[in-house]
Each structure stands twice: as C-alpha cells, then as structure tokens.
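> Here is a sequence with its predicted model. Questions after.
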Amino acid sequence: MPHIASDYSTAASSLLRICHACSLLLQQRRLVKSAPAFVASAAQYALTVTLPMPNLDTNVCFWRKSPMKRETQTNLLFLIRRMCRIYVAATSSVQQSRGLVGIRTTTLACAACISDAIVRVKCVDDPSPFSLHYSGKNEGPTRPFGFESGSYESLAANLPLFDPQLTSLRFQCLDYMRGMTIKDDGTWYPTIFNFDGSLTPHGGDLELINHLSIELALPRPYPRTESAMVTHAARLISGQNGAILEILPEFEYFRDIVFHFKHAVSGASQTPEGTEEGYVWLPTDATLKWTVKSVSTENKTLQYNVKAFRGHLQEFVDPR
C-alpha cells in the first residue's frame, strides 16, 4: 500500500492506483473471496492514511502551504469522490455492525475535511470562483463558508471505535469542522450543504449561490422572493440547471463528498430496504443522481431528490 503522500503528485497517483485496484477487485467479486472487505479496507486506508489530514493553520496544512494548480485541485477532488463511491459501495456489501458504522462515518468525515481544505486553496494559475467565494478570498463583500458536522459528534460518541488511529482522526475531524465554522468571538460562519438538516437550500446555500450567480453572470429570478431564490438555488446545486456544474466541476465533486458524509452520519441505511443480504454493490451503484421535486404547490418550492443504489436513498433521520 502507498505510504503517506509527500506532495500533491504522489497523493493523486496513490489515489488513482488504489481506485483502479479496488475497481478491479469488485469487478472480479465472483473470483476473489471477500472482495468487498478487501476493497473497503483499501479505500479506508487511502482516505485515513495515504492522504494527510488538514490543519487549521495554513502555514502547516499539507494542502494549503504549497502552491497548487487548478488541474491538480480538480483532479484531487474527482479522485476523492470516486474513492468515496467505492468505499460506500464496498461497506454496503459486507456484514453491517455498529462498529462498521463508526468506522465508515469517521472515514467519510476525513474525506470531507480533506476536500474542504483542497476547495479552500486559491490556485496559482487559474483560481476557481467557487474556491474564492467558499474560502472568503474573493474581492468584494464576502465571507468564508463551511459545512457543519451535524450529527457526527453525537453519533460517533455512541459508536465503538477500537482503533486508536480512528479515534484520533475523529477528534481531528471535529476540531477542523468547528474551526472552519465558528469564529473567535463565538459566532458562526454561514454553512452550506446541510442535507441532514433540510433537503431544501437555505442560509449559506442561498448566499453562496447568489455570489456565484453574480460572479458568473447567471440570470437570477425576478422578483427575488424567498421561494424563487430557493427554487433557483435547488436547480443549480442539484444540476437540473447545469450552469454552475458545467463551469465549476469541483463544486459537484465537493457536493457529493459532503452528501456521502452527511448520509453516513444520519443514521439512515446506505441501501434501499429489501436488499438481498450478501449482494455486492459496485461503485456505479453508489453514484448519486440528483434531481429536484416540488414540496409546496402554493409557493412552488423545490427540494433535492437524490437516488443511488437503484432507488431512493432512505430519508435522513436524526440518530439523537
């Protein structure tokens, strides 16, 4: 297995090789005994060992202390999302337990934190407008964004983690998420992708989409009522209106990574009810398919409708 990455090139190369090996194992699941277990172990190693954890201090953070190019940023996020799909598919194909849930949530939390640090990088050649707005480095009246840990703190505290390394990573993830969302004076930065709280865009989602719409000269609804802005944001974030995802693929990668993390800590099953025990899922089955659906006929408000594993993902539930 690859060692801890020493630079961006080795990180991308290690991720690519592990992704390829995992895909081959799952495709040969009828020839290799316990293939999903091997794949889950390799994907967990890639996300928790090969990729260094980010640091709140940009001077020592592996992902932000050195110059990064736009193509490197996009490629890393693409590979992390691919690894998350592989990991979710593999862990959904093995025997479920509370210990596995604890490991899965921490592994996906690591992926989300690492992706957050990569997204915040202001690339030296062609900075992404999404990265500039998300990190608060864009010109004009803007501020940084983040994403909430949601139920991760309470869920992970009640699940067994027997590996000291994973226990340490859990606290590192929680510290990083808090540091990126809470100011020194105790107030909160706006947060995005709060799928566990609501499948309708609100708060930071609306603010970020408004900034990006102005930056990219995208048409905005008029009059700008709350329901019209929510509908506009839902279509852009889901990709039904592909104006943002076509220009900023890193936005789509980061959205999917955070969704995998949020769904893992929601307490909901990863796969649809009635799935045959021992069925082996493939990474393509874990691909998130985003649409929107109407939740109010009066104001025509839309919310996300996400499918994977050949059906609807189970609704988010609060484990508390």
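Happy to help now that I have it. All values reported here derive from a predicted model rather than from experimental measurement.

> mind listing the helices for the stretch 201-320 of the chain?
Using DSSP state H, counting those that start in this stretch, the helices found in the stretch 201-320 of the chain span residues 204-215, 226-238, 243-247, 249-264.

> Which among those helices is found nearest to Ala109?
helix 249-264 (5.8 Å; C-beta to C-beta). In short, each C-beta sits where N, CA and C put it, glycine included.

> Now find how far off-centre the closest one is within its chain.
The chain centre lies 3 Å from the centre of helix 249-264; the measure is C-alpha atoms, centre = their mean, to the nearest Å.

> and stretch 236-244, how far apart are its ends?
6 Å (C-alpha to C-alpha, to the nearest Å).

> mean confidence score for it?
Stretch 236-244 carries an average pLDDT of 94.

> Also stretch 39-56?
Mean predicted lDDT for stretch 39-56 stands at 96.

> how about the strands of this protein, start to end?
289-294, 302-308, 311-312 (DSSP state E).

> Under the pLDDT cut-off, which ranges of the stretch 51-200 of the chain? List them.
156 (pLDDT under 70).

> Could you pull out the helices in it for me?
70-91, 98-119, 129-135, 152-157, 164-181.

> how about the ones you listed in a markdown table, adding mean neighbour count and distance to His3?
What follows is the helices of the stretch 51-200 of the chain, written out as a markdown table (neighbours: other C-beta atoms under 10 Å; distance: least, C-beta to C-beta, whole Å):
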| stretch | mean neighbour count | distance to His3 |
| --- | --- | --- |
| helix 70-91 | 23 | 17 |
| helix 98-119 | 23 | 17 |
| helix 129-135 | 22 | 28 |
| helix 152-157 | 18 | 27 |
| helix 164-181 | 17 | 15 |
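
> Now those in CSV, please, with extra columns for distance to Phe193.
Formatted as CSV, these follow (distance: least, C-beta to C-beta, whole Å):
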stretch, distance to Phe193
helix 70-91, 13
helix 98-119, 9
helix 129-135, 11
helix 152-157, 14
helix 164-181, 12
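
> among those, which is nearest Asp57?
Among the helices of the stretch 51-200 of the chain, the nearest to Asp57 by C-beta to C-beta is helix 164-181 (9.6 Å).

> Which strands or helices does that closest one pack on?
helix 98-119, helix 152-157 (3 or more C-beta pairs under 8 Å, 6 or more residues apart in numbering; DSSP states H and E).

> Against which helices or strands is the longest one packed?
Read it as helix 98-119. Here helix 98-119 touches helix 35-45, helix 70-91, helix 129-135, helix 152-157, helix 164-181, helix 249-264, going by 3+ C-beta pairs under 8 Å, 6+ apart.

> These: which one's closest to Leu212?
The nearest among the helices and strands packed on helix 98-119, by C-beta to C-beta, is helix 129-135 at 6.3 Å.

> That closest one: how far from the chain's middle?
16 Å.

> Which of the helices of the stretch 51-200 of the chain sits closest to Pro201?
Comparing the helices of the stretch 51-200 of the chain by C-beta to C-beta, helix 129-135 comes nearest, at 15.3 Å.

> Could you dump the helices and strands packed on helix 98-119 into JSON lines and include distance to Ser13?
As requested, those are arranged in JSON lines below (distance: least, C-beta to C-beta, whole Å):
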{"stretch": "helix 35-45", "distance to Ser13": "15"}
{"stretch": "helix 70-91", "distance to Ser13": "10"}
{"stretch": "helix 129-135", "distance to Ser13": "23"}
{"stretch": "helix 152-157", "distance to Ser13": "30"}
{"stretch": "helix 164-181", "distance to Ser13": "23"}
{"stretch": "helix 249-264", "distance to Ser13": "18"}
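
> just so I know, which of those lies nearest Glu226?
Between the helices and strands packed on helix 98-119, helix 129-135 lies closest to Glu226; by C-beta to C-beta that is 21.0 Å.

> Could you give the number of residues near the nearest residue to Arg98 once chain neighbours are set aside?
Closest residue to Arg98 apart from its sequence neighbours, by C-beta to C-beta, 6 or more residues apart in numbering: Leu159 at 5.5 Å. For Leu159, the neighbour count with other C-beta atoms under 10 Å is 18.

> From Arg170, how far out is Leu159?
Distance of Leu159 to Arg170, computed by C-beta to C-beta, to the nearest Å: 10 Å.

> Where does the prediction get shaky in the stretch 201-320 of the chain?
Short version for the stretch 201-320 of the chain, where the test is pLDDT under 70: 270, 272-278, 296-300, 312-320.

> try 50 this time
By pLDDT under 50, the weakly predicted segments of the stretch 201-320 of the chain are 317-320.

> who's in contact with Val280?
Leu26, Arg29, Ala35, Pro36, Ser93 (C-beta atoms under 8 Å, 6 or more residues apart in numbering).
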